[in-house]
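J.: Sequence plus predicted model, see below.
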Amino acid sequence: MISEKAVVENKEHLAEGIYGAWLKTSAAREAHPGQFVMLNTKSEAHLLGRPISICDIDRDKERLRLVWRVAGYGTDEFSRLEEGDRIELLGPLGNGFDIDSLSGAENIAVMGGGIGAPPLLGLVRQLHGTGLKNIDVYLGYRSASAGLFLADEFKELAAVHIATDDGTAGTHGTVLDALDSSGKAPDIIYACGPMPMLKGVKQYAEENLIPAYISLEERMACGVGACLGCVVKTRFKDAHSRVENARICTEGPVFAAKDVDI
Amino acid sequence: MISEKAVVENKEHLAEGIYGAWLKTSAAREAHPGQFVMLNTKSEAHLLGRPISICDIDRDKERLRLVWRVAGYGTDEFSRLEEGDRIELLGPLGNGFDIDSLSGAENIAVMGGGIGAPPLLGLVRQLHGTGLKNIDVYLGYRSASAGLFLADEFKELAAVHIATDDGTAGTHGTVLDALDSSGKAPDIIYACGPMPMLKGVKQYAEENLIPAYISLEERMACGVGACLGCVVKTRFKDAHSRVENARICTEGPVFAAKDVDI
Amino acid sequence: MNTAVEICGINFKNPVMNASGTFGSGMEYCGLVDLNRLGAVVTKGVAKVPWEGNPTPRVAETASGMLNAIGLQNPGIDVFIERDLEFLKNYDTNVIVNVCGHSVGEYVEVVQRLAECDNVSMLEINVSCPNVHEGGIAFGTDPGALEEITKAVKKAAKQPVIMKLSPNVTSIAEMAKAAEAAGADALSLINTITGMKIDIYKRRFLLANRTGGLSGPAIRPVAVRMVYEAAHAVKIPVIGMGGIASAEDAIEFMMAGASAVAVGMMNFHNPGIMTEIIDGIERFMQEQGIDDLAEITGIL
Amino acid sequence: MNTAVEICGINFKNPVMNASGTFGSGMEYCGLVDLNRLGAVVTKGVAKVPWEGNPTPRVAETASGMLNAIGLQNPGIDVFIERDLEFLKNYDTNVIVNVCGHSVGEYVEVVQRLAECDNVSMLEINVSCPNVHEGGIAFGTDPGALEEITKAVKKAAKQPVIMKLSPNVTSIAEMAKAAEAAGADALSLINTITGMKIDIYKRRFLLANRTGGLSGPAIRPVAVRMVYEAAHAVKIPVIGMGGIASAEDAIEFMMAGASAVAVGMMNFHNPGIMTEIIDGIERFMQEQGIDDLAEITGIL
């Protein structure tokens, strides 16, 4: 984990309100898919770091790709970053996706809802690199008109199934509807997205007796596990906290769906 | 009085820590020498306007020239303004120099100490415009090495006498020492500068029984006379406040030296 | 859609007014702000005789806020009536007169003088100025003293009485209840929080008065909490203030329980802010399908 | 030049430590911050048994500050002693253990357990957490309750006792005197100021706990004023905190009367800030020709 000024190498406007950038930072050396970083705004009135998930990793060039949605002051300021700008970064943070948990799984479902999709791109690239073939990616968007960001990049690595809230592309509905209409029967799920979707994934996994790993979000202050601001209720006493709370920034953001109460 | 976004037309770095800019603003229409404007920073953590005196006025092109010294967060931010930038401006504010008070005076002394010099340039330009010839300008600086900002521009309009704290240019000492060594006997003084200098000017004027007009500074909040943050003790009950306090931002910043307790 | 609110039987065209002391009597701002658009103009504190106020420096900037220690400089009630109140007769807005004093008797004298004035809609009794040592804050931090002065003022007052509460107390609910029990018609809060700033290079206080009142967005969360606690402790209406800088902030105070809101130091940053907030409240009501602000006042 | 300070006979290599709750036990930050450079590590509040804390959301950003309502989640004294205190034995810095409880008895039990621990330099008694309803803040806002718990803790304590005071009181001087009279060895202040933030679009509180504690540069002027008032009311040393974001801020607190200072929320913004402040204090002493910090402590 390092704290340094990263340099913006390029900026992307991927869709309505969705931006991305490659940041030059030595944090890339130790980063894994599913981890995140904290970025500071330049404003003395907005002092908490903004957690942004890592979309892609380029270890050789020591670069991290971040993709975010403009949701407030910080992400709006970031959307105006330009090449060469420097930005305070803390990371990589969190546990990331546990690939070992695959243990012989053959049909892998990767499900991303809205701005939950970006952290899954690095995961799918890693899974693809291990030679796994049966990877199905389910991506949920508001509408085709708002832009199906990252979909084409996922297609280079896996079979992609689109769902949209308004039916303007792919299945009319959620990623779970897309899974349903695909007729596939995954034996493991990796998911990131809004809470209603994650609840659906958790329920699906429990009904089908398969493991699911979900990436959670919560308001954070420190990002490193010190402030205990971002916890999730757990089924068992957490080894660190000794209560039924786990730190999303440290024990997470990725949890086995069965272990958390959401 | 206008509140609007002014546009930076050009930026000047005049001397060590001394910057200037011409701002396009309709406030120029009604501005007079000796008045000031309030400029806002872009920071949500630094919310009070910064009072900056008007150095020069271009009514035709609706431009105001401001010259300031970097003394804190705001003036430092302003020093990084670039052509085309927009900045929130409120002004023109205050009374400015009262030319009618000349009433037949022939030998005019204009005294500026340090960052007190800029507001006097517009005054001297105005006096010069009225055809007055015997205008002597006394300018005090820290050191020649730090830069004798605006001195050449004053020279185009009047006889300039320099004083420096370290003697590296002109008289070794203050503007009052420069007046002394010039052998001149002014019958009116206009002055702006640090408080010790203004006290000296007030004393000189009283000893020599001549009128002196001095421009004062104080920490301000509103700049328009509403908050009563910036007052100076007066010799007589002030017509507005009904106590022996006058608002520097409204009754001033220029006062007859005899009327104020400094 | 209706932005009007009623407080103590008085109609306000909208819930937005200035906080006392940040707007003079409107005179200095009338060239920049259309006073007719405001729900009310709240005048700077006035006493029975002229007050000199504190020595300078009187103001200092802080992170997202400011400190002030003006010390209630004012020209006295005589000049105020003949000049400031006369000026305000030119405008179609409510006038709320903020009253200060060094003793119960002084407050009462000013209130009696104002009883004759027909363009005064309400009185705001300033028992919470942290920068006046004789009296002032004392009334604002002791429930007994607050009840005493509230009763005395109510007896003399012709207009409805707003007691302006200090945040520098352990329990704002207790103070709110004391004022209500003593007959206050409404409450306004918060006044400023006592603070201090030091120039470490000159080794002296930044304010000549040593301490001053902290205001601005920095204190907004404290103000919202206290408005919520006060509004839930009493039945009389509450006027909320403390760092309001946008229509969203104004709505936040109303949802916390405020029937109206006042804008303070942000008038200095942007003289147009009150009219912008009024426009913003209308936009919010349209977007959210709110016909009457009563639908959201104290909703939490 | 000497940056060391002595508090209750204990030597601190410099006056800079973290504020409890913003730094865990140092474990999470030890990869980013050299704990050996700090004057002390102040651990997060620990109780006799594990506490679950409050529901989420527990934090919210505000203008130049933040609100938190963690609710003192902690693993309990057993785990704390065997894990956190063991970890801190690897570092050459003072350890100040922050103690919390729901009753006098619970505080005393924890203090008794800590009496056996030889790498605990001081105890900080948290009687001012605004986010714990049973106990906590109650002890911090009533002078009588504060005296009672201070006496009980002092009787059981082997290490010097710091009472951490709440700013949510009418008179901080009265509370400081009560703690001193009851035998406190030192004071630390300020804890957070109770605040609230509302999501006006979702029409709900931003914090699940409704209210939370406001910290950060926004409240610094209030903290400096209270440190000044407390330090001038008592003879025991005061540890100052509240929005410190730079060496200049730290010096400001010391000039106001603090013998040492704690950095809180700004650790979240910049994990390197405490060491930067230590370096900055050294630079300031050099520039100003100060040999010993005692020269400027309480100079105003």
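T.: Arrived safely, thanks for sending.
J.: which residues of the chain fall in helices?
T.: You didn't pick a chain, so chain A it is. For chain A, helices defined by DSSP state H occupy the ranges A:73-79, A:118-129, A:151-155, A:175-182, A:195-207.
J.: that's the wrong chain, I wanted chain C
T.: Using DSSP H, the helices of chain C run over residues C:77-79, C:86-88, C:104-115, C:137-141, C:143-156, C:172-181, C:220-231, C:247-256, C:266-269, C:273-288.
J.: In chain C, what helix or strand scores lowest on average pLDDT?
T.: Lowest by mean pLDDT, DSSP states H and E among the helices and strands of chain C is helix C:137-141, with a mean of 80.
J.: ok, residues contacting that one?
T.: Helix C:137-141 is contacted from outside by C:127-130, C:145-146, C:148-149, C:164-166, C:168-169, C:175, C:191, D:170, using CB atoms under 8 Å, 6 or more residues apart in numbering or on different chains. For glycine as for every other residue, the C-beta is placed from the backbone atoms N, C-alpha and C.
J.: try 10 Å
T.: With contact meaning CB atoms under 10 Å, 6 or more residues apart in numbering or on different chains, helix C:137-141 is reached by C:101-104, C:107, C:125-132, C:145-150, C:163-170, C:175, C:179, C:189, C:191, C:194, C:213, D:170-171.
J.: what about the helices of chain A, which gets the closest to residue B:77?
T.: Proximity to residue B:77 (CB to CB) singles out helix A:73-79 among those, at 16.3 Å.
J.: Would that closest one count as contacting chain D?
T.: Yes. Helix A:73-79 comes into contact with chain D (CB under 10 Å from any CB of the partner chain), by way of A:73, A:74.
J.: swap in stretch A:189-207?
T.: No. Remark: stretch A:189-207 sits outside contact range of chain D, by CB under 10 Å from any CB, the gap being at least 11.7 Å.
J.: mind listing what's buried in that stretch?
T.: Using 16 or more other CB atoms under 10 Å in any protein chain shown as the test for burial, stretch A:189-207 gives A:189, A:190, A:191, A:192, A:193, A:197, A:198, A:200, A:201, A:202, A:204, A:205.
J.: what do you get for stretch A:174-186?
T.: Here stretch A:174-186 shows A:174, A:175, A:176, A:177, A:178, A:179, A:184, A:186 as buried, counting by 16+ other CB under 10 Å.
J.: how far out from the middle of the chain is that stretch?
T.: Counting by CA atoms, centre = their mean, to the nearest Å, stretch A:174-186 is centred 20 Å from the centre of its parent chain.
J.: same check, this time on stretch A:224-241
T.: Counting by CA atoms, centre = their mean, stretch A:224-241 comes out at 19 Å from the chain centroid.
J.: The residue in the stretch 51-200 of chain C that chain A sits nearest to - how many residues pack around it?
T.: Relative to chain A, the nearest point of the stretch 51-200 of chain C is residue C:64 (5.2 Å; CB to the nearest CB). Burial measure for residue C:64: 27 neighbouring residues, criterion other CB atoms under 10 Å in any protein chain shown.
J.: gap between the nearest residue to residue C:232 once chain neighbours are set aside and residue C:240?
T.: Excluding its sequence neighbours, the residue lying closest to residue C:232 (CB to CB, 6 or more residues apart in numbering or on different chains) is residue C:257, at 6.4 Å. Residue C:257 sits 7 Å away from residue C:240, going by CB to CB, to the nearest Å.
J.: the more surrounded of the two?
T.: A direct count of neighbours by other CB under 10 Å for residue C:257 and residue C:240 places residue C:240 higher, at 30 against 22.
J.: Quick one, grab the pLDDT at the more buried one.
T.: Residue C:240 is assigned a predicted lDDT (pLDDT) of 98.
J.: again, but for residue C:130
T.: pLDDT for residue C:130: 62.
J.: Would you mark the buried spots in stretch A:40-60?
T.: Neighbour counts over stretch A:40-60 (16+ other CB under 10 Å) mark A:40-41, A:43-57 as buried.
J.: ugh, wrong one, stretch C:181-197
T.: Buried residues in stretch C:181-197 (16+ other CB under 10 Å): C:182-197.
J.: Which members of these are the farthest-apart pair?
T.: For those, with distances taken as CB to CB, the pair at the greatest spread is C:183 and C:197 (38.4 Å).
J.: ok, back up a step: if we compare the helices of chain C, which one ends up closest to residue D:282?
T.: Residue D:282 lies closest, by CB to CB, to one member of these: helix C:220-231, at 35.0 Å.
J.: buried set for that closest one?
T.: Residues C:220, C:221, C:222, C:223, C:224, C:225, C:226, C:227, C:228, C:229, C:230, C:231 are the ones in helix C:220-231 that count as buried (16+ other CB under 10 Å).
J.: Many thanks, we can stop here.
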